[in-house]
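1. Quick one, structure for this:
(one chain, ligands or ions: 2)
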Amino acid sequence: MGAKGRGIGHDGRSGLIEERVVSAIEQMIKQLDGLKGRQKEYSEHVHRLNMIEGWWWASTEFQPRPDQPTHPQSPAIPFIWKWADVGPLVYEMGDPALGVGLGQGAKKAERRVLVLRNPGLGGQYAVTNTFFGDLQLVKKGEIAPSHRHTTTAARFIFDGKGGWTTVEGERAQLAPGDLVINQQLGWHDHGNDGPDDFVFFDVLDIPLLTSLATATWDFDYVKLTGDKDKTAQDLEFPLNHSNNLYQAGGIVPKFVGGSRPDHSPMLSYRWEIVRDTLQRLRKEAGSPYDGIIVEFTNPATGGPVGPTMSICAQLLRPGEKTLAHRHNTNTIYIGAEGKGYTTVGDKRIDWTQWDIYAVPSWHWHEHGNDSTQDAIVYSVSDGPVIEKLGLYCEHRKTRDGKTEFLGWKANRLVSK
Ligand code: GTQ
Ligand code: FE2
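-> Ligands and ions are numbered 1, 2, ... in the order given. Next up, the predicted model:
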(Lines give C-alpha, C1' and ligand atoms only; values in the text may rest on other atoms or scores of the structure.)
(Ligands and ions follow the chains in the order given, each with its own letter.)
Protein backbone atom coordinates (compact mmCIF):
# COMPACT_ATOMS: atom_id res chain seq x y z
CA MET A 1 0.00 0.00 0.00
CA GLY A 2 1.46 3.33 -1.01
CA ALA A 3 1.05 6.90 0.20
CA LYS A 4 -2.62 7.05 -0.69
CA GLY A 5 -3.58 4.48 1.91
CA ARG A 6 -1.73 6.17 4.75
CA GLY A 7 -3.89 9.16 5.50
CA ILE A 8 -5.53 10.12 8.74
CA GLY A 9 -8.89 8.49 9.18
CA HIS A 10 -7.88 5.23 7.53
CA ASP A 11 -6.86 3.15 10.52
CA GLY A 12 -10.15 1.77 11.78
CA ARG A 13 -8.59 -1.57 12.62
CA SER A 14 -5.82 -2.35 15.04
CA GLY A 15 -2.88 -3.97 13.34
CA LEU A 16 -3.30 -2.06 10.11
CA ILE A 17 -0.95 0.77 11.00
CA GLU A 18 1.89 -1.58 11.92
CA GLU A 19 1.53 -3.56 8.71
CA ARG A 20 1.83 -0.36 6.73
CA VAL A 21 4.99 0.76 8.51
CA VAL A 22 6.70 -2.59 8.07
CA SER A 23 5.69 -2.89 4.45
CA ALA A 24 6.98 0.60 3.65
CA ILE A 25 10.39 -0.24 5.12
CA GLU A 26 10.48 -3.67 3.47
CA GLN A 27 9.43 -2.15 0.19
CA MET A 28 12.27 0.34 0.33
CA ILE A 29 14.89 -2.29 1.19
CA LYS A 30 13.63 -4.59 -1.56
CA GLN A 31 13.87 -1.76 -4.05
CA LEU A 32 17.41 -1.01 -3.03
CA ASP A 33 18.32 -4.70 -3.40
CA GLY A 34 16.90 -4.77 -6.90
CA LEU A 35 18.98 -1.91 -8.30
CA LYS A 36 21.21 -2.44 -11.34
CA GLY A 37 24.13 -0.78 -13.11
CA ARG A 38 25.08 2.77 -12.17
CA GLN A 39 22.28 3.04 -9.59
CA LYS A 40 23.35 -0.17 -7.85
CA GLU A 41 26.96 0.99 -7.73
CA TYR A 42 25.92 4.35 -6.34
CA SER A 43 23.62 2.78 -3.75
CA GLU A 44 26.30 0.36 -2.53
CA HIS A 45 28.79 3.16 -2.17
CA VAL A 46 26.27 5.18 -0.15
CA HIS A 47 25.57 2.20 2.15
CA ARG A 48 29.29 1.56 2.69
CA LEU A 49 29.52 5.07 4.08
CA ASN A 50 26.67 4.41 6.57
CA MET A 51 24.04 6.35 4.71
CA ILE A 52 20.84 5.50 2.88
CA GLU A 53 19.05 7.15 -0.04
CA GLY A 54 16.22 9.43 1.02
CA TRP A 55 14.09 8.65 -2.04
CA TRP A 56 12.25 5.78 -3.68
CA TRP A 57 14.11 4.76 -6.84
CA ALA A 58 11.11 3.15 -8.54
CA SER A 59 8.30 5.42 -7.46
CA THR A 60 6.83 7.78 -10.03
CA GLU A 61 4.58 9.65 -7.61
CA PHE A 62 5.19 11.14 -4.21
CA GLN A 63 5.59 8.69 -1.33
CA PRO A 64 6.73 9.69 2.16
CA ARG A 65 9.79 7.83 3.40
CA PRO A 66 9.30 5.09 6.03
CA ASP A 67 10.46 7.54 8.71
CA GLN A 68 7.89 10.14 7.67
CA PRO A 69 4.47 8.80 8.67
CA THR A 70 1.57 11.07 7.78
CA HIS A 71 -0.14 10.56 11.14
CA PRO A 72 1.04 9.63 14.65
CA GLN A 73 1.89 5.97 14.86
CA SER A 74 3.50 3.46 17.16
CA PRO A 75 4.70 -0.03 16.31
CA ALA A 76 3.09 -1.19 19.58
CA ILE A 77 -0.24 -2.94 19.07
CA PRO A 78 -3.37 -2.89 21.23
CA PHE A 79 -2.88 -5.88 23.50
CA ILE A 80 -4.26 -7.37 26.73
CA TRP A 81 -2.60 -9.52 29.37
CA LYS A 82 -5.43 -11.36 31.13
CA TRP A 83 -4.87 -11.83 34.85
CA ALA A 84 -6.53 -15.26 34.56
CA ASP A 85 -3.60 -16.29 32.31
CA VAL A 86 -0.66 -14.47 33.85
CA GLY A 87 -1.66 -14.40 37.54
CA PRO A 88 -0.80 -18.07 38.20
CA LEU A 89 2.66 -17.55 36.69
CA VAL A 90 3.21 -14.54 38.94
CA TYR A 91 2.61 -16.61 42.10
CA GLU A 92 4.60 -19.49 40.62
CA MET A 93 7.72 -17.26 40.45
CA GLY A 94 7.84 -17.78 44.22
CA ASP A 95 7.78 -21.57 44.08
CA PRO A 96 10.99 -22.75 45.78
CA ALA A 97 11.25 -25.48 43.13
CA LEU A 98 11.92 -22.75 40.55
CA GLY A 99 14.78 -21.41 42.65
CA VAL A 100 14.19 -17.73 41.92
CA GLY A 101 15.54 -16.07 45.06
CA LEU A 102 15.36 -12.40 45.88
CA GLY A 103 18.37 -10.21 46.56
CA GLN A 104 21.65 -9.79 44.76
CA GLY A 105 24.14 -12.33 43.51
CA ALA A 106 24.08 -15.53 41.49
CA LYS A 107 20.67 -17.10 40.91
CA LYS A 108 18.97 -14.22 42.64
CA ALA A 109 16.59 -11.70 41.19
CA GLU A 110 17.21 -8.11 42.22
CA ARG A 111 13.50 -7.76 41.48
CA ARG A 112 11.40 -10.92 41.01
CA VAL A 113 9.36 -9.85 38.03
CA LEU A 114 7.70 -10.94 34.81
CA VAL A 115 8.22 -8.30 32.16
CA LEU A 116 5.37 -7.61 29.73
CA ARG A 117 6.34 -7.37 26.08
CA ASN A 118 4.11 -5.84 23.46
CA PRO A 119 4.20 -8.16 20.40
CA GLY A 120 4.54 -5.15 18.09
CA LEU A 121 7.74 -3.93 19.71
CA GLY A 122 10.10 -6.61 18.42
CA GLY A 123 11.23 -8.13 21.70
CA GLN A 124 11.76 -4.88 23.59
CA TYR A 125 11.02 -4.85 27.32
CA ALA A 126 8.07 -2.55 26.69
CA VAL A 127 4.28 -2.39 26.83
CA THR A 128 4.07 0.81 24.78
CA ASN A 129 6.89 2.64 23.06
CA THR A 130 7.28 4.81 26.16
CA PHE A 131 6.40 2.48 29.05
CA PHE A 132 7.78 -0.66 30.61
CA GLY A 133 5.53 -2.89 32.73
CA ASP A 134 6.17 -5.83 35.00
CA LEU A 135 4.38 -8.00 37.53
CA GLN A 136 6.35 -8.33 40.73
CA LEU A 137 6.25 -10.81 43.61
CA VAL A 138 7.72 -10.26 47.07
CA LYS A 139 7.17 -13.24 49.34
CA LYS A 140 6.49 -13.06 53.05
CA GLY A 141 9.57 -11.88 54.93
CA GLU A 142 11.47 -10.83 51.81
CA ILE A 143 12.95 -7.50 50.82
CA ALA A 144 13.63 -6.36 47.27
CA PRO A 145 16.88 -4.48 47.95
CA SER A 146 17.07 -0.71 47.83
CA HIS A 147 18.10 0.80 44.50
CA ARG A 148 17.42 3.96 42.56
CA HIS A 149 17.09 5.16 38.98
CA THR A 150 16.31 8.15 36.82
CA THR A 151 13.11 6.45 35.66
CA THR A 152 9.78 7.12 37.40
CA ALA A 153 7.73 4.16 38.60
CA ALA A 154 4.04 3.78 39.44
CA ARG A 155 2.92 0.63 41.23
CA PHE A 156 -0.57 -0.80 41.44
CA ILE A 157 -1.06 -3.23 44.29
CA PHE A 158 -2.84 -6.44 43.32
CA ASP A 159 -2.48 -8.70 46.36
CA GLY A 160 -1.17 -8.97 49.90
CA LYS A 161 -1.93 -7.36 53.23
CA GLY A 162 1.58 -6.87 54.54
CA GLY A 163 3.31 -5.19 51.61
CA TRP A 164 5.18 -1.91 51.71
CA THR A 165 7.46 0.30 49.70
CA THR A 166 9.92 2.73 51.22
CA VAL A 167 11.01 5.68 49.07
CA GLU A 168 13.59 8.17 50.38
CA GLY A 169 12.93 7.32 53.99
CA GLU A 170 9.14 7.26 53.82
CA ARG A 171 7.28 3.96 53.94
CA ALA A 172 3.85 3.40 52.41
CA GLN A 173 1.93 0.45 53.79
CA LEU A 174 0.02 -0.93 50.87
CA ALA A 175 -3.18 -2.85 50.23
CA PRO A 176 -4.84 -4.13 47.04
CA GLY A 177 -5.99 -1.32 44.75
CA ASP A 178 -3.53 1.21 46.19
CA LEU A 179 -1.24 3.23 43.96
CA VAL A 180 2.28 4.21 44.94
CA ILE A 181 4.50 6.64 43.01
CA ASN A 182 8.22 6.20 42.96
CA GLN A 183 9.84 9.42 41.86
CA GLN A 184 13.05 9.86 39.89
CA LEU A 185 16.21 8.97 41.80
CA GLY A 186 14.50 8.11 45.09
CA TRP A 187 16.10 5.12 46.80
CA HIS A 188 13.44 2.44 47.23
CA ASP A 189 12.97 -1.03 48.62
CA HIS A 190 9.87 -3.22 48.71
CA GLY A 191 9.08 -5.59 51.55
CA ASN A 192 6.40 -7.93 52.77
CA ASP A 193 5.63 -8.46 56.46
CA GLY A 194 3.18 -11.19 55.44
CA PRO A 195 1.13 -13.27 55.77
CA ASP A 196 0.40 -13.51 51.99
CA ASP A 197 2.35 -12.98 48.81
CA PHE A 198 2.76 -9.31 47.91
CA VAL A 199 1.99 -8.81 44.23
CA PHE A 200 1.98 -5.59 42.26
CA PHE A 201 2.20 -4.19 38.74
CA ASP A 202 4.98 -1.71 38.02
CA VAL A 203 4.89 0.84 35.23
CA LEU A 204 8.14 2.67 34.46
CA ASP A 205 9.08 5.14 31.74
CA ILE A 206 12.13 3.04 30.81
CA PRO A 207 11.68 2.95 27.00
CA LEU A 208 11.13 6.70 26.92
CA LEU A 209 14.22 7.48 28.96
CA THR A 210 16.21 4.86 27.06
CA SER A 211 15.34 6.58 23.77
CA LEU A 212 16.70 9.77 25.29
CA ALA A 213 19.79 7.86 26.50
CA THR A 214 19.11 9.01 30.02
CA ALA A 215 17.87 5.86 31.80
CA THR A 216 20.38 5.23 34.57
CA TRP A 217 20.39 2.66 37.42
CA ASP A 218 22.16 2.55 40.74
CA PHE A 219 22.24 -0.80 42.56
CA ASP A 220 24.96 0.13 45.01
CA TYR A 221 22.99 0.81 48.17
CA VAL A 222 25.86 -0.62 50.21
CA LYS A 223 27.88 2.53 49.52
CA LEU A 224 25.42 4.48 51.67
CA THR A 225 25.53 2.20 54.68
CA GLY A 226 28.77 0.26 54.34
CA ASP A 227 26.76 -2.82 55.35
CA LYS A 228 26.14 -5.39 52.63
CA ASP A 229 23.45 -7.13 54.69
CA LYS A 230 21.41 -3.98 54.94
CA THR A 231 19.05 -3.96 51.97
CA ALA A 232 16.22 -1.75 53.29
CA GLN A 233 16.22 1.87 54.36
CA ASP A 234 15.67 3.17 57.86
CA LEU A 235 12.48 5.14 58.18
CA GLU A 236 12.87 8.90 58.56
CA PHE A 237 9.17 9.78 58.69
CA PRO A 238 6.04 8.29 60.29
CA LEU A 239 4.33 5.55 58.26
CA ASN A 240 2.24 6.87 55.36
CA HIS A 241 3.39 10.37 56.28
CA SER A 242 2.78 12.16 52.96
CA ASN A 243 -0.60 10.48 52.72
CA ASN A 244 -1.49 12.05 56.02
CA LEU A 245 -0.08 15.42 54.94
CA TYR A 246 -1.97 15.64 51.66
CA GLN A 247 -5.10 13.54 52.11
CA ALA A 248 -7.55 16.44 52.13
CA GLY A 249 -7.53 17.51 48.48
CA GLY A 250 -7.46 21.28 48.13
CA ILE A 251 -6.12 21.88 51.64
CA VAL A 252 -2.38 21.40 51.70
CA PRO A 253 0.25 22.06 54.34
CA LYS A 254 2.31 25.18 53.67
CA PHE A 255 5.23 24.01 55.82
CA VAL A 256 6.35 21.02 53.72
CA GLY A 257 7.00 20.23 50.08
CA GLY A 258 9.09 18.00 47.89
CA SER A 259 12.56 19.12 46.91
CA ARG A 260 11.57 18.90 43.23
CA PRO A 261 8.38 20.76 42.32
CA ASP A 262 7.55 18.61 39.28
CA HIS A 263 7.39 15.53 41.52
CA SER A 264 4.35 14.82 43.65
CA PRO A 265 5.22 14.99 47.35
CA MET A 266 2.52 12.39 47.96
CA LEU A 267 3.86 8.85 47.94
CA SER A 268 0.69 6.77 47.84
CA TYR A 269 -2.98 7.01 46.94
CA ARG A 270 -5.31 4.66 48.77
CA TRP A 271 -7.95 2.54 47.06
CA GLU A 272 -10.77 3.44 49.50
CA ILE A 273 -10.22 7.11 48.70
CA VAL A 274 -10.15 6.46 44.95
CA ARG A 275 -13.37 4.49 45.21
CA ASP A 276 -15.12 7.00 47.47
CA THR A 277 -14.13 9.86 45.18
CA LEU A 278 -15.51 8.12 42.10
CA GLN A 279 -18.70 7.20 43.96
CA ARG A 280 -19.17 10.79 45.11
CA LEU A 281 -18.97 11.91 41.45
CA ARG A 282 -21.15 9.17 39.96
CA LYS A 283 -24.21 11.38 39.42
CA GLU A 284 -22.18 13.80 37.29
CA ALA A 285 -22.34 13.60 33.50
CA GLY A 286 -18.61 12.94 33.38
CA SER A 287 -16.52 12.92 30.23
CA PRO A 288 -18.24 11.77 27.02
CA TYR A 289 -15.00 9.91 26.21
CA ASP A 290 -13.98 8.57 29.62
CA GLY A 291 -17.00 8.51 31.94
CA ILE A 292 -16.30 9.57 35.52
CA ILE A 293 -12.55 10.11 35.24
CA VAL A 294 -10.21 11.51 37.91
CA GLU A 295 -6.51 12.24 37.76
CA PHE A 296 -4.02 11.62 40.55
CA THR A 297 -2.27 14.93 40.99
CA ASN A 298 0.65 16.48 42.67
CA PRO A 299 -1.33 18.00 45.57
CA ALA A 300 1.01 20.98 45.79
CA THR A 301 0.72 22.06 42.13
CA GLY A 302 -2.27 20.27 40.63
CA GLY A 303 0.05 18.84 37.97
CA PRO A 304 0.54 15.19 37.10
CA VAL A 305 2.22 12.83 39.58
CA GLY A 306 5.52 13.18 37.73
CA PRO A 307 6.98 14.74 34.59
CA THR A 308 6.45 11.68 32.39
CA MET A 309 3.21 10.11 33.62
CA SER A 310 -0.41 11.02 34.04
CA ILE A 311 -2.34 8.50 36.10
CA CYS A 312 -6.13 8.39 36.12
CA ALA A 313 -8.94 6.23 37.42
CA GLN A 314 -12.27 6.02 35.68
CA LEU A 315 -15.65 4.74 36.72
CA LEU A 316 -17.86 3.29 34.02
CA ARG A 317 -21.36 2.98 35.33
CA PRO A 318 -23.60 -0.02 34.50
CA GLY A 319 -24.79 0.37 30.92
CA GLU A 320 -22.41 3.25 30.18
CA LYS A 321 -20.79 3.49 26.75
CA THR A 322 -18.56 6.39 25.81
CA LEU A 323 -17.98 8.10 22.49
CA ALA A 324 -14.84 7.21 20.55
CA HIS A 325 -11.72 9.33 20.38
CA ARG A 326 -8.04 8.91 19.60
CA HIS A 327 -5.04 10.92 20.73
CA ASN A 328 -1.28 10.84 20.28
CA THR A 329 -0.54 9.62 23.79
CA ASN A 330 0.16 6.02 24.76
CA THR A 331 -1.85 4.42 27.51
CA ILE A 332 -1.69 1.36 29.74
CA TYR A 333 -4.97 0.41 31.45
CA ILE A 334 -5.30 -1.71 34.58
CA GLY A 335 -8.68 -3.19 35.51
CA ALA A 336 -9.38 -2.50 39.19
CA GLU A 337 -13.02 -3.39 39.88
CA GLY A 338 -15.86 -5.07 38.02
CA LYS A 339 -15.89 -5.82 34.31
CA GLY A 340 -15.72 -3.44 31.39
CA TYR A 341 -14.57 -3.27 27.83
CA THR A 342 -12.64 -0.97 25.55
CA THR A 343 -13.24 -1.15 21.85
CA VAL A 344 -10.01 -0.30 20.02
CA GLY A 345 -10.58 0.10 16.30
CA ASP A 346 -12.98 -2.76 15.58
CA LYS A 347 -11.61 -5.06 18.29
CA ARG A 348 -13.34 -5.33 21.63
CA ILE A 349 -11.02 -5.81 24.61
CA ASP A 350 -12.96 -7.23 27.57
CA TRP A 351 -11.29 -6.58 30.89
CA THR A 352 -11.77 -7.53 34.49
CA GLN A 353 -9.81 -6.99 37.71
CA TRP A 354 -5.98 -6.89 37.27
CA ASP A 355 -6.14 -7.35 33.51
CA ILE A 356 -3.58 -5.05 31.86
CA TYR A 357 -3.98 -3.69 28.35
CA ALA A 358 -2.21 -1.28 26.06
CA VAL A 359 -3.82 1.30 23.77
CA PRO A 360 -0.98 2.83 21.75
CA SER A 361 -1.04 6.24 20.12
CA TRP A 362 -3.73 7.22 17.63
CA HIS A 363 -6.02 4.20 17.90
CA TRP A 364 -9.71 5.03 18.07
CA HIS A 365 -11.11 3.74 21.36
CA GLU A 366 -14.26 3.87 23.40
CA HIS A 367 -15.06 2.45 26.83
CA GLY A 368 -18.12 0.57 28.00
CA ASN A 369 -19.66 -1.37 30.81
CA ASP A 370 -22.48 -3.70 29.84
CA SER A 371 -22.60 -5.38 33.22
CA THR A 372 -24.89 -4.50 36.13
CA GLN A 373 -22.00 -3.59 38.47
CA ASP A 374 -19.67 -0.60 38.52
CA ALA A 375 -16.42 -0.95 36.58
CA ILE A 376 -13.28 0.95 37.59
CA VAL A 377 -10.10 1.04 35.53
CA TYR A 378 -6.77 2.74 36.19
CA SER A 379 -4.68 4.21 33.38
CA VAL A 380 -1.15 5.50 32.92
CA SER A 381 -0.37 7.74 29.98
CA ASP A 382 2.64 9.67 28.68
CA GLY A 383 0.44 12.75 28.14
CA PRO A 384 2.62 15.11 30.24
CA VAL A 385 5.57 14.49 27.90
CA ILE A 386 3.58 15.01 24.72
CA GLU A 387 2.02 18.15 26.21
CA LYS A 388 5.40 19.53 27.21
CA LEU A 389 6.49 19.06 23.61
CA GLY A 390 3.47 21.11 22.56
CA LEU A 391 2.26 18.23 20.40
CA TYR A 392 -0.88 16.87 22.02
CA CYS A 393 -3.65 16.25 19.51
CA GLU A 394 -6.94 14.43 19.50
CA HIS A 395 -9.70 13.34 17.18
CA ARG A 396 -13.11 12.92 18.76
CA LYS A 397 -16.48 11.78 17.55
CA THR A 398 -19.30 14.09 18.49
CA ARG A 399 -22.77 12.89 19.46
CA ASP A 400 -24.05 13.68 15.98
CA GLY A 401 -21.36 11.53 14.34
CA LYS A 402 -18.96 14.28 13.26
CA THR A 403 -15.23 14.17 13.90
CA GLU A 404 -13.53 17.08 15.66
CA PHE A 405 -9.79 17.75 15.72
CA LEU A 406 -8.13 19.36 18.74
CA GLY A 407 -4.58 20.56 18.96
CA TRP A 408 -1.59 21.26 16.72
CA LYS A 409 -1.26 24.66 15.28
CA ALA A 410 1.78 26.53 14.14
CA ASN A 411 3.13 29.49 16.04
CA ARG A 412 2.48 32.65 14.00
CA LEU A 413 3.45 36.21 14.65
CA VAL A 414 0.43 38.18 15.70
CA SER A 415 0.09 41.92 15.14
CA LYS A 416 -2.74 44.24 16.01
O1 GTQ B 1 10.53 -2.64 41.63
O2 GTQ B 1 11.93 -1.01 41.70
O3 GTQ B 1 11.21 -4.65 37.05
O4 GTQ B 1 12.69 -0.13 39.46
C5 GTQ B 1 12.23 -2.62 36.97
C6 GTQ B 1 12.60 -1.47 37.59
C7 GTQ B 1 11.25 -3.30 39.02
C8 GTQ B 1 11.36 -1.92 41.08
C9 GTQ B 1 11.57 -3.52 37.68
C10 GTQ B 1 12.31 -1.26 38.91
C11 GTQ B 1 11.63 -2.17 39.64
FE1 FE2 C 1 13.11 0.46 41.06
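2. By mean pLDDT, flag the weakest helix or strand of the protein.
-> helix 16-33 (a mean of 65; mean pLDDT, DSSP states H and E).
3. from the middle of its chain, how far away would the helix or strand following that one be?
-> Under the assignment DSSP states H and E, the closest C-terminal helix or strand after helix 16-33 is helix 37-48. With C-alpha atoms, centre = their mean, to the nearest Å as the basis, helix 37-48 stands 43 Å off its chain's centre.
4. Would you indicate which residues of helix 37-48 are buried?
-> Of all the residues in helix 37-48, those buried under the rule 16 or more other C-beta atoms under 10 Å are Ser43. Heads up, the C-betas are built off the backbone N, CA and C, glycines and all.
5. Name the surrounding residues that touch that helix.
-> Applying C-beta atoms under 8 Å, 6 or more residues apart in numbering, the external contacts of helix 37-48 come out as 32, 35, 52-53, 57.
6. can you rerun that using 10 Å?
-> 31-35, 51-53, 57 (C-beta atoms under 10 Å, 6 or more residues apart in numbering).
7. Which residues of the chain lie near ligand 1?
-> Contact residues (C-beta under 6 Å from any ligand atom) of the chain with ligand 1: 111, 113, 134, 136, 144, 149, 153, 188, 190, 202, 204.
8. quick one: which of the residues you listed is nearest Leu235?
-> Taking C-beta to C-beta as the measure, Leu235 sits nearest to His188 out of these, at 12.7 Å.
9. doesn't Thr151 make contact with that closest one?
-> No. If you go by C-beta atoms under 10 Å, His188 and Thr151 don't touch, sitting 11.4 Å apart.
10. Please list all residues in contact with Gly99.
-> Shown in contact with Gly99 (C-beta under 10 Å, 6+ apart): 107-108.
11. ok, now with 8 Å
-> Applying C-beta under 8 Å, 6+ apart, the residues near Gly99 are Lys107.
12. In a markdown table: the residues of the chain next to ligand 1, plus neighbour count.
-> Formatted as a markdown table, those follow (neighbours: other C-beta atoms under 10 Å):
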| residue | neighbour count |
| --- | --- |
| Arg111 | 15 |
| Val113 | 19 |
| Asp134 | 21 |
| Gln136 | 21 |
| Ala144 | 24 |
| His149 | 20 |
| Ala153 | 23 |
| His188 | 25 |
| His190 | 27 |
| Asp202 | 21 |
| Leu204 | 26 |
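13. I'd like to know which of the residues you listed are part of strands.
-> Cross-referencing the residues of the chain next to ligand 1 against strands under DSSP state E gives 113, 134, 136, 144, 149, 153, 188, 190, 202, 204.
14. Report the beta-bridge partner residues of the fourth one.
-> Beta bridges link Ala144 to His190, judged by DSSP bridges.
15. And the second one, by the same measure?
-> Legend: beta-bridge partners of Asp134 under DSSP bridges are Val115, Asp202.
16. pretty sure it is touching Val199, no?
-> No. Using C-beta atoms under 8 Å, Asp134 makes no contact with Val199, being 11.2 Å away.
17. What helices and strands are in contact with the strand or helix carrying Thr342?
-> Per DSSP H and E: Thr342 is located in strand 340-344. The contact analysis (3 or more C-beta pairs under 8 Å, 6 or more residues apart in numbering; DSSP states H and E) places strand 340-344 against strand 347-351, strand 356-359, strand 365-368.
18. would JSON lines of these with mean pLDDT and mean neighbour count be doable?
-> Conversion of the helices and strands packed on strand 340-344 to JSON lines gives the following (pLDDT from 0 to 100; neighbours: other C-beta atoms under 10 Å):
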{"stretch": "strand 347-351", "mean pLDDT": "97", "mean neighbour count": "17"}
{"stretch": "strand 356-359", "mean pLDDT": "98", "mean neighbour count": "26"}
{"stretch": "strand 365-368", "mean pLDDT": "98", "mean neighbour count": "21"}
